[in-house]
Each structure stands twice: as C-alpha cells, then as structure tokens.
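**Student:** let's see this in three dimensions:
(2 chains)
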Amino acid sequence: MDWLTTVDHKKIGILYLIAGGFFFLVGGLEALLIRIQLWKPLNDFVSADTYNELITMHGTTMIFLAAMPMLFALMNAVVPLQIGARDVAFPFVNALGFWTFFFGAVLLNVSWFTSTGAPAAGWTAYAPLSGPAFSTGHGMDYYVLGLQIAGIGTLIGGINFLVTIINMRAPGMTFMRMPMFTWASFITSALILFAFPALAVGLAALMFDRVFDANFFDPNNGGNAVLWEHIFWIFGHPEVYILILPAFGVISEVISTFSRKRLFGYSSMVFATILIGFLGFMVWAHHMFTTGLGPVANALFSIATMLIAVPTGIKIFNWIFTMWGGSIKFTSANLYAVGFIPTFVMGGVTGVMLAAAPADFQYHDTYFVVAHFHYVIVGGLILGIFSGLHYWWPKMFGRILNETLGKWTFWMFYIGFHLTFFIQHFLGLLGMPRRIWTYLDGLGFNEMNLISTIGAIMMGIGTIMFILNVVITNAKPQNAADDPWEDGRTLEWTIPSPPPEYNFKQTPLVRGYDAYWKEKMDGHKGMTPAEPIGSIHMPSPSILPFTMSLGLFITGFGLMYSRDWTFITEHIGFYIAGLGLLITFGSMFLRSVYDDHGFHIEPEELEDKGVKA
Amino acid sequence: MMNRWQFLKRLTPLLALMVLVLSACGRADLSALNPQGPVAQEQFGLMKLAFSIMIGVVVVVFALCLFVIVRFRRRRGDKSIPKQVEGSHKLEIIWTVIPIILLIILGVPTVQSVFNLSKDHSNDPDAVKVIVTSHQYWWEFEYPELGIKTAQELVIPKGKIITIEAKTADVLHSFWVPSLAGKIDTNPGGNANRMYFSAPKEGVYLGKCAELCGPSHGLMDFKVKSVDDASFDRWAAALQKPVAMPSDPVVAAAFESKCLVCHAVGDKGGPLYPNLTGIGSRDSVGGILINTDDPKYSNEGSTYDNLHRWIENPDDIKPGNLMGKIDLTQQELDGIAKYLSELTLDNEK
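**Tutor:** Coordinates of the predicted model:
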C-alpha cells in the first residue's frame, strides 16, 4: 500500500526501475524469439503474423516501456539529489506520471492475450497499414490507446523535471554549476515537452480513424498517409535524443568520477547538449528519404543530419580527454561507460553514412539500419543505463552491486551485443531488408544470421546475470557508505545511502562546479549548510494518482470494444469508457476540493530518527 | 600533429584494402556492394567515400581510447589526485573544425548525387516507361507505351534507361533492386514517385519490398530481367498474342470459371490480380518459389511442382495473401498447374 500511495521521488524512481526492468525483460524475450525465428532460412518457429506482432511489440516495448522508464528511474533517483532539492517540484504529479505510464504499458501488453493479438504494423505504425482497413483486429487499438495513456505520464514527468531543475536548485547552484546528468535531464525534459504533444496528436488522429471512422490517414477519403510519417517522426527523431541525452549525462558523471578528474570542457559539453537537442528537431525527414519528398528536401535534411555529428564528436573527445591524465579505476560502472564510447562512435558514424540520402536509398529499411540504431540505442542507451545503475545503486538501495559478477555481466553482454549487431551492417548491405519474417536459402544470409542469434542469446545470458546480481546484492546488509566510490564529486554523495525521505537535513550551499569535490579539496568533511536546521515540510502520500490512471485504463478498454460489446445494450463500450473517465475526473475533483497541507518533520525528529528513511 | 598524419598515411593501404574487399562482397544480383548499373554504382561510390571517412574516424577514436585506458589506468594503492583540467579551447576548436571539414567532404558529393539521381527521364523518348504498382504481396508492371501488363518479373532492354512511376494499390511498399538502384516508396493516394535506373549487362536481378506491408512483407520478392533489345521486342510482342485455353475441357472450364475471374491470360480474364501470361517462362512462382529442375532448397522445385504447391494452398506460401484456397478437384488442380507450367512465351531466339 505504501508503494501505491507514495509521492517520494526516490520511491517513484524505484517503481520506475522495477516496471521498466520488467518490460525490458519482456522486450528482450520478444527479441530472442525474433532471433530464434531468423537463425536459419525458411524457419517457421513463429507464424508470419506472430512475427510482425513480435517486432512491433519489441520496438514499442523497448522504447516506451523499458528505456524511457529506466531513464526516468535514474532521473527520479538522482536529479533532485544532484541539485540539492528535497523532492521534485510536484510530487503528486510525479506519482501520477508513473501510474499513467504503468497502466498504459499494461494496457498495451494485454493485447497479447486477446483473440486478435498484439499490434502488428511495426512500432512506427505507418498508415494505411495501421488503419482500420488493413489492421482489422484490436491490436492497433491497444497500441494507440496504450501509448496515448503512457505518453501522458512521460509528458507530465518531463514538465515536472523542467520545473524542478529551474526552480529547486540549492543556493549557489547556478546553471553552469549543474552536474552534467542534471543538464542532460533538463534538455531531455525540454525535448519531451515539445516532442510528445506531436505523438499525442498523431495517436489521437489515428484513434479517431480507428474508433470513430475518421479519415486523417486514409487517402481514399481525402486523408494522407504520408502525413502520419511526418507526425510520427517529428516526435520520433527527438525521441532518439530524449533517450540518448540522459545516457550521455550518466557517462559524463561516471567517467569523471572514476578518472578522479573534472569533466573536460564542461561548458562545451553543455553547449553541445543544447545543440544536439535543438538539431534533433530539425532532421525528422531523414527517416523519409525514400518517401519521395524531392531532391531539395532530401539535400537539406541530409546536411542538417550530418551536422549533428559535430556536437556529438565534441562530447566524445571531451570524454576521452576527461580520462586523459586521470587515474582511471575500472569498476563495473566505469567498464560500461568506457565501453560505451567506441560503441557509440560506431553507431554515430553509421548515422552520418545514413544521412547521405542517395546512399540511404540503399540502406533504408535494411539490416544496416537495424544495426545502426541498435548500436545507438543498445550500445549507447542501454550501456549508459547499466553504467548508471551500477554507479547509483548504492545511493538508491544502500548496497553495492557485486563487482566481480558485474564485470562478468559486462563482458557477456558487451561481446554478445557486438556479435549480434556488427554483422547486421553487412547483412543489410548484402540485400536483407528489415522486418522480414523469413529469408530464402542460398542468398548468403545464413551464417551471419546464425552468428547474430548466438550474440543475442549471450546478451540474454548477460541480462540474467545482472538480475542474479541484483538478487544476491539484495540479500546483503544495507551498509553502503555515503560516498561509496570515494571519489564522488556531486551533491548526492554528501548524504546517506539510501537518503532519508527529506534528502537534505539542511539545504547545502554550493560554492562551485562539482560542489562536493570542491569541499573535499578544500579540506572540508561535508557541505556548508545554507540554512539552519528547521522543520521540513513534506507532501502527504495519496492514492489518487493510482485511481486517476486506473480510470484512464478502463476508458481505453471501453473505447476499443465500443463496437463489439453489445451484451446488455449497444455500444456498451462507450458506457465503460464513460465510467473510466468518471473515476479519473472524480479523483481530480477530490484532489481539488480536499485541501491537503502535507506534514512537517520537526528538528527533534530529524535527530532521533537517524538517517534511514 | 606530425605523428597524426603519419598515422593516417599508414592507414591508407588498410582503407584501400577494406574498400577492395567490400566491393567484391555479396551476390552480384542482390548486393548493394556489388553494383551492376550506373545508379547503384553512383550510390556505391558515395558509400565508399563515407566508409573511408568513417573508418578513419573510428580508427582514430579507437586508438585514442585504447591509449588512454592503457596509459592512465589507476595503479594499485594510488591515492594521488590528478590535475583538474577545465578544458582546452585549442583542442576543442580542433575537434569541432575537423568534423566540419569531413562533413563538407561528404556533404558536397551527397548533394550533387541527390539532384543527379532525382532527374526525371519520363519525357525522354529513348527511355522505357514502366508503371510499377505494388500490391499485398505482388508487383504489377505496366508498360504504358507498349500497352502491356505483367507481374512479378520486370523485363527490361539492357542498357536503356528505365523510368519508373511507383504507385500502390493498398498500403505502403517500397520498390528496391539493390544491385541496380536504391529504393523508392510506393505511396497511396495521388502522388506517384519516380526513379530511374539501367542495367548495362544481361541478367536477372533480385528485387524486394522494403516497407513493412503485412504478414508476407518479407516474401514480396520480384525479379528484374535484363535482355537484349531484340529479345525484349519479341517478349513484348509475344505478351500481346492471344493464348489457347487448356485442351482438356474439364480443366478449361475450371480454369475459366475459377481462375480467370481474377487473373488474365492473353486477352481473356480479369485485370485485378497478377497477369499469368507467360508464367511458365518466369524464374519463380510468387517471387519466392524458384523454378529449377535441380532443386536444392525447400523453396525450389520444377515449374509444375511450384505452381501445384501454390494453387493447392497459397496461404502456406504467402500468409495473408488475397487469393485464398480455391476449391478444385485433384484433376483440375493437376491440369491447371500443368497448363500454366506450359504457358511459356515464344520469345527465345
């Protein structure tokens, strides 16, 4: 019950981690099934329909239900601590964000258990294949409504972090003293603010097409199928940077800590992050070079896309030069971070290659593209998340993950990853299109696909080893030091692990970049407080975020089956949808009329309660 | 700085070798790395340029990385604090400017090539016009100037520029012949996309659908057959001749009442689904059952066997296709498969 009503950012971070981790396993299982199907030519391990459901759900799950929640887990766990805040700006909204994501995710995955199956039109859901004429079951309805509900959570989460970072920094923490991870979270949140409404609009339009017979994307009735591509990628390209920027942030923190050096070229890192965020919005049409937009558009989007290589290059070299002259310690967290650099460079260079439009006519929708974006998303983002998890695990849970097992996990996962995806570049160039259910024998694809499948199995074993590590670590006592890596540079390492629910007994005074490091170098034991010890105001827990999201879940269900269910009266689905909305709006009403002032933790309590939350 | 350039110099042979190896990669009728026509050649040229630049970048970064992690690893018990360096304007400017230069080297030919490959040859009197219409899950090829329509096999005269007008009858597909040219999407609605290519050498080139279009997306293969001018003319003429019906009246009746509702042969039948004229001379049935008298794989067989397999249960071969199982007696099935396998075009020399 405690977990259903919590509004504490640290606990919500853990909720995000558990839910995101679970869906990471689901997405990984889907990936393994895909690879098993492709391990030999003309295989019929799964049917063509099931295969398309698997690829659609693998993409959707990994992006929306695994990667983003795990990033939100890290952001929730770390950002308020790094800026010296007691919580996020809107704790209630934070909880609401988690629960809408959770119920949206559950709704999407319920589709597996329905008679018409999961969505099968690809994670990009290109119209008209995703429209009512060609996706006749309810699969795409689950996609549309599940993502719409989950998207609400992401959007309000992003807004929450924007406000938190702008408003709740400790005294002295100017923007140019913010840790890199906080900067990355800030830019990511800004991208979410601008990109997710586009997705919401697209999904709403598709929902109208599917549920209410509208014709936004149906060319036979005056709609336009290419319109969906534009809307989707105006969201979809920034989404790539929404995913990767926080990983950049993690890498900056980890490399700097374990090199015992401040980040090389901090201000150019900040500038590069902002520039990447900005350019990320300008390049959506590079996903559409073969759509036939004409040479002028293709040339412009080619050049704009290539430009992103410049700020990304700045970041890569800054990381390398952070290590240069440092004293590098290879913990598991740092192994992931160091392993990230060459991997991401490879994903980056193939990105520039894809940006050359005429060559993209050959790469587009082949395994070359599959290889490219897995290098960026798995080799970039997932390595970043693993790095961040190992790094902040003691802060989140008070226990250090087993280092030996951590290193074994890294090597298993890392080698498996390269085995899986490096070879796919060549599969694509040799003529293997992506999203194909099977391939003919004798085309020269067999051996490479087999190697790829073996690699995928190794990645699966690596993931299981990580879970094992978590289980083993969880059985140990909670005895991590405040600053377990001994070289902590930022504010989160000044408070106990795990932090008490109010984070900072006294808000710290920040005197420079890498605030804690600066104090340590000046010979101080901890931060100078910016305020006297006083009573701390805390928000009350609430079940309302849960019920609001539950209402939306019921609404989604009702809408989908509005046509089919007629057992009591016609359009019973609409009544169920109405009931769901009633629950949601009822909860909102309660929230509005019931004045909850929260509670206070008094100074005496701060002393005798000790530190653990 | 001197060192860096020497390093690059040493790298050049390696790069050249890589490019050489790459250029001999894959099946000549399928691989983008083994181009067989000028359009694919131009695209491959751009790919080689990009490859070379990118391999250079990767090697430099990897070398730096490797040096740093070996040279600066922490020795056991080392408690020293390294110098806290803020950054270096000089270095940061260098690694901003060098990528920009590399991008200019890649960007200029990219833009040139974009405009070059988007030339419209549709009014060129020497070019052969083809209207490509994609369907779930087959390809229709119409030659408007010759007044002929065929399916699954795009026959072209070698060396001539082929100008494609790409459309779809249902969802998005993408027309792709890797060894001859890149791909172009077929969009629903009014906007037809155009591309052009040519095949200087005779031969059969494999084509694929590259845009997810339903369960049998991966099975939507087709062939491009490049032949000499005379042979092409004979083929086009043969396609227009009337075709005799099956000699066995039972089979003929079944064929007319059950097949010709949708399909056409010669001047008979409906235009909705693949035109069957000359199906006996095609290289494959349905694009994926390869016709050969020496079958090695499970998707290969004689023309008769393949046709038989297809007609017996099309859903087995291409799940989700619109033909469905046709109600035929064994005699009708055998007869129609035999008739179709002998329905060849008299266009050989």
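**Student:** okay, CA-based contacts and neighbour counts for the rest of this
**Tutor:** Fine.
**Student:** which helix is the longest one in the chain?
**Tutor:** Let's take chain A. In chain A, taking DSSP state H as the definition, the longest helix is helix A:225-258.
**Student:** ah, I was thinking of chain B
**Tutor:** helix B:38-71.
**Student:** name the helices or strands packed onto that helix?
**Tutor:** helix A:309-323, helix A:332-355, helix A:357-363, helix B:2-23, helix B:89-117, strand B:181-186, strand B:193-197 (3 or more CA pairs under 8 Å, 6 or more residues apart in numbering or on different chains; DSSP states H and E).
**Student:** what are the buried residues along the fifth one?
**Tutor:** Read it as helix B:89-117. For helix B:89-117, the neighbour count (16 or more other CA atoms under 10 Å in any protein chain shown) marks B:92, B:95-96, B:99-100, B:103, B:106-107, B:110-111, B:113-114, B:117 as buried.
**Student:** and for stretch A:466-476?
**Tutor:** In stretch A:466-476, counting by 16+ other CA under 10 Å, buried: A:466, A:468, A:469, A:470, A:473.
**Student:** looking at the stretch 151-300 of chain A, which residue is nearest chain B?
**Tutor:** residue A:265 (4.1 Å; CA to the nearest CA).
**Student:** contacting residues for that residue?
**Tutor:** Counting by CA atoms under 8 Å, 6 or more residues apart in numbering or on different chains, residue A:265 touches A:318, B:86, B:87, B:88, B:92.
**Student:** top of these by number of neighbours, please.
**Tutor:** Neighbour tally across the contacts of residue A:265 (other CA atoms under 10 Å in any protein chain shown): the maximum, 24 neighbours, falls on residue A:318.
**Student:** picking that back up, mind putting the helices and strands packed on helix B:38-71 into JSON lines with distance to residue A:392?
**Tutor:** As requested, the helices and strands packed on helix B:38-71 are arranged in JSON lines below (distance: least, CA to CA, whole Å):
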{"stretch": "helix A:309-323", "distance to residue A:392": "20"}
{"stretch": "helix A:332-355", "distance to residue A:392": "9"}
{"stretch": "helix A:357-363", "distance to residue A:392": "39"}
{"stretch": "helix B:2-23", "distance to residue A:392": "38"}
{"stretch": "helix B:89-117", "distance to residue A:392": "30"}
{"stretch": "strand B:181-186", "distance to residue A:392": "46"}
{"stretch": "strand B:193-197", "distance to residue A:392": "52"}
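**Student:** could these go into JSON lines alongside distance to residue A:177 and mean pLDDT?
**Tutor:** Below are those laid out as JSON lines (distance: least, CA to CA, whole Å; pLDDT from 0 to 100):
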{"stretch": "helix A:309-323", "distance to residue A:177": "17", "mean pLDDT": "95"}
{"stretch": "helix A:332-355", "distance to residue A:177": "22", "mean pLDDT": "95"}
{"stretch": "helix A:357-363", "distance to residue A:177": "40", "mean pLDDT": "95"}
{"stretch": "helix B:2-23", "distance to residue A:177": "35", "mean pLDDT": "58"}
{"stretch": "helix B:89-117", "distance to residue A:177": "19", "mean pLDDT": "94"}
{"stretch": "strand B:181-186", "distance to residue A:177": "49", "mean pLDDT": "94"}
{"stretch": "strand B:193-197", "distance to residue A:177": "52", "mean pLDDT": "95"}
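**Student:** looking at these, which is nearest to residue B:301?
**Tutor:** Proximity to residue B:301 (CA to CA) singles out strand B:181-186 among those, at 29.4 Å.
**Student:** tell me what angle that closest one forms with helix B:38-71.
**Tutor:** Going by axes from the mean of the first three to the mean of the last three CA atoms, to 10 degrees, strand B:181-186 is angled at 100 degrees with respect to helix B:38-71.
**Student:** does residue B:290 count as helix, strand or coil?
**Tutor:** What DSSP: H, G, I helix; E, B strand; the rest coil gives for residue B:290 is strand.
**Student:** now it: how far from residue B:300?
**Tutor:** Distance of residue B:290 to residue B:300, computed by CA to CA, to the nearest Å: 5 Å.
**Student:** quick check: neighbours shared by the two?
**Tutor:** Jointly contacting residue B:290 and residue B:300 under the rule CA under 8 Å, 6+ apart are residue B:306.
**Student:** picking that back up, between the buried residues of helix B:89-117, which is closest to residue A:170?
**Tutor:** Looking across the buried residues of helix B:89-117 and measuring by CA to CA, the closest to residue A:170 is residue B:92, at 30.5 Å.
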